[in-house]
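S.K.: sequence below, structure please.
(3 chains)
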Amino acid sequence: MTDDCAVVWFRRDLRLDDNPAWAAATAAHGAVLALFVLDPRLVGPSGPARRDRLFGDLRALQKRLRDHGGDLLVRTGDPVEVIPATAQEFSAGTVYVNLDVSPFAVVRDAAVRQALDTHGVGWNGQWGTLAHPPGAVRTAAGGLSQVFTPFHKVWARTPWTPWPIGGDATVLAISDESIPSGGPYPFVADQHGSAAQPGELGAGARLLAAADRADRYGDERNTPSIHGTSELSADLKFGTISPRTAAQVIGESTPGRAALVRQLAWRDWYAHLLHATPALVHSPMKPQYAAITWLDDDAGFLAWTEGRTGFPFVDAGMRQLRATGWMHNRVRMVTASFLVKNLLVDWRRGEAYFRHVLVDGDTPQNVGNWQWVAGTGPDASPYNRIFNPVLQGQRFDPEGAYIRTWVPELAGLDAASIHEPWAAGPLDLAAAGFTLGVDYPSPIVDLRESRQRALATYEAVRPGR
DNA sequence: TTTTGAGTTGTTCGA
DNA sequence: GTCGAACAACTCAAA
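M.R.: Here you go, the predicted structure:
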């Protein structure tokens, strides 16, 4: 052993279990220093939900390390300065990290690695943020599949590359800055007891709860008024659970479980795509769509963010997001489709807003899903998919329970009129004590016209015209 | 090389 | 109201 101390630089892997960077460091060195850098460039743009989630998970990680006789060292600044300085201060010979695919992280890590190199400090990168590392899931031709299903087939049959086994290094009991207090730890509404706790101990309980209902996932995943999804997105974002542990605990013994694990393949796929093509954060995966003329509809965009478009299912989702930092997946698709297709606002504006506000806001996932919805990215469908927000609401929230929760001014309407109050008879509305345009906005756009407008706009840039 | 099969999450129209 | 076909109709991966 050439050096007896190593730094483990935590970023979005805030756990000790099933963490290959942590394991590799504790196996190879006599002592490890656990470090987190509060980078204002990351913390600043985070909405309150994600920031509070981060602070809660950091405190939980610190508590866990203290229980082991160590501590978490938290420092504020630019990692390109903080990491080499800290490594030198503690005579560490190697810095261990779990790698991340976002272009910001890739550029940052390259700069840090170069700075460490000039000081003779080594770098050990692991892929503990994903089930399979980028490049490990290939088509027969050796490339990265541009269609999900063939990717998933290979993903599911490819054995996991083994992660290092941890050792018994001493964890240094060093801390100086305190973790900012922030607000209460945000979690998805129905979690109680230990499942409401921050960090990996809470995440373990949340994972067990998700596994308990996973058999029903196929039936319940699209109903936003119930807890039918895993609700693990923020745990995966901050790494309080390992995607491999999640896949193992959920298992594949029933169709619902297999469908839920399949979602982890989507997560890997979007990360692999961004890793291969960093420009996806701003450029369409299908290049012809760079020529689309989007509308600068500032009033429409503002109405969308504030949940007052006049479309109850859309507004319910946008208000849930604003209030909690989280939105049900089905509603994310519908609200995103409404912005891009019905308002013809550039998907990048919506992507930026979601990424700011979401508790789980994660560049590869957010960009991949927005490009999918916008039709500029990885959707294998041969037709132009435009969601009808009224039909989607009637199909997935038939009684209007979700709408009533988040748009209380509509709560008095019956299930028949709550999805399209403008179509209800004036007497029905009056009976509910409700005036359209006063108590709740009239629709800000005509669905049929805006649909035709979107089709024409996309058609105009189709290749071969 | 050419061909063939298949593709997360849809909507509308007309019988 | 229900059902099946049509719809803005293509691209990728594998054989």
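
S.K.: buried sites along the lowest-mean-pLDDT helix or strand in chain A?
M.R.: One helix or strand of chain A scores below all others by mean pLDDT, DSSP states H and E: helix A:426-431, with a mean of 82. Counting neighbours by 16 or more other C-beta atoms under 10 Å, one finds that the buried residues in helix A:426-431 are residue A:429. Every C-beta, even on glycine, is put in place using the N, C-alpha and C of the backbone.

S.K.: is it anywhere near DNA strand C?
M.R.: No. Counting by C-beta under 7 Å from any atom of the strand, DNA strand C is not contacted by helix A:426-431; separation bottoms out at 14.9 Å.

S.K.: helices and strands around that helix, which ones?
M.R.: The helices and strands touching helix A:426-431, judged by 3 or more C-beta pairs under 8 Å, 6 or more residues apart in numbering; DSSP states H and E, number zero.

S.K.: identify the residue spatially nearest to the residue of the stretch 101-250 of chain A found nearest DNA strand B, adjacent ones excluded.
M.R.: Here the stretch 101-250 of chain A gets closest to DNA strand B at one residue, residue A:149, 2.9 Å apart by C-beta to the nearest atom of the strand. Among residues not flanking residue A:149 along the chain, residue A:380 sits closest, at 7.5 Å (C-beta to C-beta, 6 or more residues apart in numbering).

S.K.: how about that neighbour, what does it touch?
M.R.: A:147-149 (C-beta atoms under 8 Å, 6 or more residues apart in numbering).

S.K.: and which of those is nearest to DNA strand C?
M.R.: Closest approach to DNA strand C among those (C-beta to the nearest atom of the strand): residue A:147, at 4.4 Å.

S.K.: I would like the residues contacting the helix or strand hosting residue A:86, please.
M.R.: For residue A:86, the element it lies in under DSSP states H and E is helix A:79-89. By C-beta under 8 Å, 6+ apart, the residues outside helix A:79-89 that reach it are A:7, A:9, A:33, A:35, A:37, A:39, A:73, A:75-76, A:92, A:95, A:108, A:111-112, A:115-116, A:118-119, A:121.

S.K.: same thing but at 7 Å, please
M.R.: Here helix A:79-89 makes contact (C-beta atoms under 7 Å, 6 or more residues apart in numbering) with A:7, A:9, A:35, A:37, A:39, A:75, A:95, A:108, A:111-112, A:115-116, A:119, A:121.

S.K.: filter those to the buried ones?
M.R.: Using 16+ other C-beta under 10 Å as the burial test, the contacts of helix A:79-89 include A:7, A:9, A:35, A:37, A:39, A:75, A:95, A:108, A:112, A:115-116, A:121 as buried.

S.K.: out of those, which two sit at the greatest distance?
M.R.: The span of the buried ones among the contacts of helix A:79-89, defined through C-beta to C-beta, is set by A:39 and A:121 at 19.0 Å.

S.K.: show only the entries of the contacts of helix A:79-89 found in helices.
M.R.: In this view, the contacts of helix A:79-89 that belong to helices under DSSP state H are A:108, A:111-112, A:115-116.

S.K.: and those, which is closest to residue A:273?
M.R.: residue A:108 (20.1 Å).

S.K.: skipping its backbone neighbours, what lies nearest that closest one in space?
M.R.: In space, residue A:108 comes closest to residue A:79 once its chain neighbours are excluded; the distance is 6.1 Å by C-beta to C-beta, 6+ apart.

S.K.: can you give me the neighbour number for the one you found?
M.R.: 24 (other C-beta atoms under 10 Å).

S.K.: now it: how far from residue A:156?
M.R.: 36 Å (C-beta to C-beta, to the nearest Å).

S.K.: residue A:240 too?
M.R.: Where residue A:156 is concerned, residue A:240 sits at a distance of 25 Å (C-beta to C-beta).

S.K.: the more surrounded of the two?
M.R.: In this view residue A:240 and residue A:156 are compared by other C-beta under 10 Å, and residue A:240 has more residues nearby, 28 against 14.

S.K.: secondary structure element for the residue nearest to the more buried one when sequence neighbours are not counted?
M.R.: With C-beta to C-beta, 6+ apart as the measure, residue A:203 is the residue that lies nearest to residue A:240, at 3.8 Å, once sequence neighbours are left out. Using DSSP H and E, the element containing residue A:203 is helix A:199-212.

S.K.: swap in residue A:378?
M.R.: Using DSSP H and E, residue A:378 sits in no helix or strand.

S.K.: before we move on, what about residue A:370?
M.R.: Counting by DSSP H and E, residue A:370 is part of helix A:363-374.

S.K.: packing partners for the longest strand seen in chain A?
M.R.: Criterion DSSP state E: the longest strand present in chain A is strand A:31-38. Applying 3 or more C-beta pairs under 7 Å, 6 or more residues apart in numbering; DSSP states H and E, one finds that strand A:31-38 contacts strand A:5-10, strand A:72-76, helix A:79-89, strand A:170-171.

S.K.: can you tell me how far residue A:32 sits from residue A:90?
M.R.: Distance from residue A:32 to residue A:90, by C-beta to C-beta: 10 Å.

S.K.: which one of these two has more residues nearby?
M.R.: residue A:32 (26 against 17).

S.K.: doesn't residue A:24 make contact with that one?
M.R.: No. Contact between residue A:32 and residue A:24 fails when scored by C-beta atoms under 7 Å: they sit 10.0 Å apart.

S.K.: if we can go back for a sec, give the buried residues for the helix holding residue A:370.
M.R.: A:363-374.

S.K.: which among those gets closest to residue A:101?
M.R.: Closest to residue A:101, out of all of the buried residues of helix A:363-374 and judged by C-beta to C-beta, is residue A:364, at 5.5 Å.

S.K.: after the helix holding residue A:203 comes which helix or strand?
M.R.: helix A:217-220.

S.K.: do that next one and DNA strand B meet?
M.R.: No. Counting by C-beta under 7 Å from any atom of the strand, DNA strand B has no neighbours in helix A:217-220; the shortest distance is 9.7 Å.
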